[in-house]
Structures are given as C-alpha cells and as structure tokens.
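>>> Sharing a model prediction with you, sequence too.
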Amino acid sequence: VYSKFNSLFFSSTQQEQQPLMANPNPDVSGGGEQKVAQGENAEVGKPAVPTCQQKAKARLLLLLSYFSGDMEVFAEWMKNWVLRGAAQVMFVNNPLSGLVIFAGLILQNRCPIVSSALASINSRWDLPVFTLPFNILVCLHMVATGHYNHYFPQLFTAVPVGIGQVYGCDNPWTGGIFMIALFISSPITCAHATIGSAVGMVSGLALAAPFEAIYFGLWGYNCVLACIAIGGMFYALTWQVHLLAITCAFFCAYLGSAISNVMSTLPLANVAYPERNLRFFWKLRKKEKLEREEKERAEEKKRDKEKCRAKEQELIGHDKEVLRIEMERMDGKEKRDGMESKHINYIMIQEREMMEGALSE
C-alpha cells in the first residue's frame, strides 16, 4: 500500500510540475500550427504527432518557465531537492521533516544567523562585519559554560524566580503561577515580565555576578517591573516601545549593579523593601563580627607559627654553636698531637746523630 501511495503521489507531483505554457497537449495549449497539423493527420487517418518546431518551442517555454513568472515549478523542485533531500538522510520522505532538520542545523550553528543580522544592521553605514559574529558567540559561550558555571540549566529557573521576587518569593513554581496570572490579565504584560527577568539574568552573567544572586532572582525583579512599565503599560505598544522596554531592563540591571557597588561601603542594600535593609544591616553586622573573629584567629595562628619558627631557629643556632666548639676542640687536639710528634722526631734525630758521632770516634 505504501509503495502504491508513493507511486501515485510522485506521478501526481510530476504532472503538477509541468507548466501549462509548455504542455504540448493540443487541448490545453494548442496553437494554430498544431491544429493544422492535427487536421492534416486526421484527414489521412493517422494520430496527431507534434513537429520538431513544436517540440523545440515547448522545450523553450518550459525552460523559460523555470526563471520567469512565479517560478512555481522551480519552487516545487527546490522543495523536493532541498527539504526532502535533507530528510532522506534519516530515510524520511517529508519536506516538513526536512525543514525541522534544517532548524536543528541552524540551532547547532548560530553564527550565520548572527552574521546576517549584523550585516543587515551594518549595511546602513556600509560597515563590514568580519569576525564579529564569531566573537559574540564565543563570548556568550564562555560566559554560559565557563569552569565556574556549576549547573547551567538552573539558570533558566532564575526567570520565574525573578518574577516571584517582585513579591519577595524565591520559589520558581510560585513565579510560574504569577506568570499564569499575568497571562490571564494581559499576555503582553506576561511576555514583557518574562523578557525582563531573562534580561536581568543575562546582565548578571555578563557582569560576572555571583551565581547565588542570579539563582535567587535578585537580578530580575527590578528588570521585570521596568520592562512591564515601559512595554505597554505607560506607552502604546509598538516595536520601538518594545525595544525601549528591553533597553530599560538592561539599564535597570546595570544601574542596580552600580548602586550596589556605591552602597557597598554603607550598611544598606539596594532592595525594594525597608525591612530588607534592616535585615541586611543585622546580617552585615553579624558577618563583620564573624570576619573579625576569623581574622583574630588567623593572626593568632600566625603568631604561633612565628614563635615556633623562632624556637626552631634558636635550636638550630644552638646546635651550630655546639658543633663549632666541638670542631675547634678537635682541631686543637690535632694540632697538639702534631706538635708532640714533631718533638719526638726531633729527639730521635738528635740521639741518632750522637750515636753516629760516638761510633765514628
């Protein structure tokens, strides 16, 4: 049944691919010359046979139909050649499957997409793109999959957590319920809230923020509110306003980081609730106390190490002094032994000379 279906399908498609303007059938596209030839052949009693001129004309029209008009035949052939050809690698004869496979291939290699987007933007100023798409993707890859990244899929939970942090909730399921509530009220608001939280997450990654702060949604809630306020709440939604909302979300994230750096010397934090500031103040006091105790313990350990090192140096110096005295004593003994041996040799030489003198007399 499958083979019969394929044969019927391909036969129908092959018939559809033939353009009407190039059909040599006299009933469809017959010209005056062909009708005359058919009349002559009918009078003789023979079947209608197109002449060489008619065949050449039909082939020329067929060739022109591939590059003129709506190019319907060429589009059909391209669908079969490209989409079906890509799917046939997996033994699938479906153009839609080939389209999905191409989507997967594009997902694998995003550089052409980024290059095309940058080329369309830079074409207004006649600027070459060169290797900028490659550099952008490499930087994003290094930020997302660096050695300090413990668990990359957990970053996606920062999006609903950032929405939930508007109400002080750090549960991703709670943030998901908030997203459903926003969608029931306004899908546009829900979309901008999601975009704002994602922008905050990306900004935290770009600024090398601690992963705990990103997972906790602290980089998302301000961006969520900014993106919702600009994107359709206080302005009529257009594509310019949509881009402005995303820009404001980025600006809010970077401004929050700057305020955190400025206020790092003060016992305050750039959060949205006063009780959070008070809680942060006591937490900071406790942290300072722990750091002071840890520093004192480290200094005490350092002093103990220095004392031990001084004792070791003193023992080593004492051993060196004892060794030096022993060496001097041994050297003195050797010198005394040498002098005694010299004196004995001198006496023996004198006695020998005296004996020789006595014998000679």
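Great, that's in hand.
>>> Could you pull up the contacting residues of the closest residue to Thr174 other than its chain neighbours?
Leaving aside its sequence neighbours, Thr174 sits nearest to Gly164 (Cβ to Cβ, 6 or more residues apart in numbering; 4.7 Å). Using the backbone N, CA and C atoms, a C-beta is placed for each residue, glycine as well. By Cβ atoms under 8 Å, 6 or more residues apart in numbering, Gly164 lies in contact with Asp170, Asn171, Pro172, Thr174, Gly175, Phe178, Gly217.
>>> Pull out the buried residues from those residues.
If you count burial by 16 or more other Cβ atoms under 10 Å, the buried members of those come out as Pro172, Thr174, Gly175, Phe178, Gly217.
>>> isn't Ala209 right next to Ser257, touching?
Yes: assessed by Cβ atoms under 8 Å, Ala209 is found in contact with Ser257 at 7.4 Å.
>>> What number of neighbouring residues does Lys302 come out with?
Number of residues near Lys302 (other Cβ atoms under 10 Å) recorded here: 10.
>>> Tell me the confidence at it?
Note for Lys302: predicted pLDDT of 87.
>>> And it, how far from Cys308?
Going from Lys302 to Cys308 by Cβ to Cβ, to the nearest Å gives 11 Å.
>>> and what of Asn122?
Asn122 is 67 Å from Cys308, by Cβ to Cβ.
>>> Check Ser197 too.
Applying Cβ to Cβ, the value for Ser197 to Cys308 is 55 Å.
>>> Below-threshold pLDDT in the stretch 101-250 of the chain: ranges please.
For the stretch 101-250 of the chain, the stretches with pLDDT under 70 are 101, 105-114, 127-134, 137, 141-152.
>>> Kindly recompute the last result at 80.
101-155, 167-169, 174, 185-186, 232-233 (pLDDT under 80).
>>> Can you tell me the SS state at Asn93?
coil (DSSP: H, G, I helix; E, B strand; the rest coil).
>>> wait, it sits on Arg84?
Yes: using Cβ under 8 Å, Asn93 is in contact with Arg84, at 6.0 Å.
>>> can you map out the helices along the stretch 251-361 of the chain?
274-360 (DSSP state H, counting those that start in this stretch).
>>> can you tell me which of the contacts of Gly164 are in helices?
Pro172, Thr174, Gly175, Phe178 (DSSP state H).
>>> From these, pick the one nearest Leu244.
Leu244 has its nearest neighbour among those in Phe178, at 23.8 Å by Cβ to Cβ.
>>> From Lys57, how far out is that closest one?
For Phe178, the distance to Lys57 equals 70 Å [Cβ to Cβ].
>>> ok, back up a step: want to throw the buried ones among the contacts of Gly164 into CSV with distance to Ile325?
CSV is the format used below for the buried ones among the contacts of Gly164 (distance: Cβ to Cβ, whole Å):
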residue, distance to Ile325
Pro172, 78
Thr174, 81
Gly175, 81
Phe178, 85
Gly217, 74
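>>> Farthest-apart pair in these, please.
Checking those with Cβ to Cβ, the most distant pair is Phe178 and Gly217, at 11.5 Å.
>>> anything in contact with each of those two?
Common contacts of Phe178 and Gly217 (Cβ under 8 Å, 6+ apart): Ile163, Gly164.
>>> the more surrounded of Asn122 and Cys308?
Asn122 (14 against 10).
>>> Does Val49 lie in a helix or a strand, and which?
For Val49, there is no helix or strand it lies in under DSSP states H and E.
>>> what about it, how many residues close to it?
Val49, neighbours per other Cβ under 10 Å, totals 10.
>>> Tell me the spacing between it and Lys55.
Between Val49 and Lys55 the distance is 10 Å, computed by Cβ to Cβ.
>>> Without its sequence neighbours, what residue ends up closest to Tyr66?
Phe74 is the one closest to Tyr66 (Cβ to Cβ, 6+ apart), at 4.9 Å.
>>> Now do the same contact list for Glu299.
Applying Cβ under 8 Å, 6+ apart, no residues qualify as near Glu299.
>>> of all the ones in helices among the contacts of Gly164, which comes closest to Gly317?
Pro172 (65.8 Å).
>>> residues contacting that closest one?
Thr157, Pro160, Val161, Gly164.
>>> so what's the second one closest to, chain neighbours aside?
Which is Pro160. Gly175 (3.0 Å).
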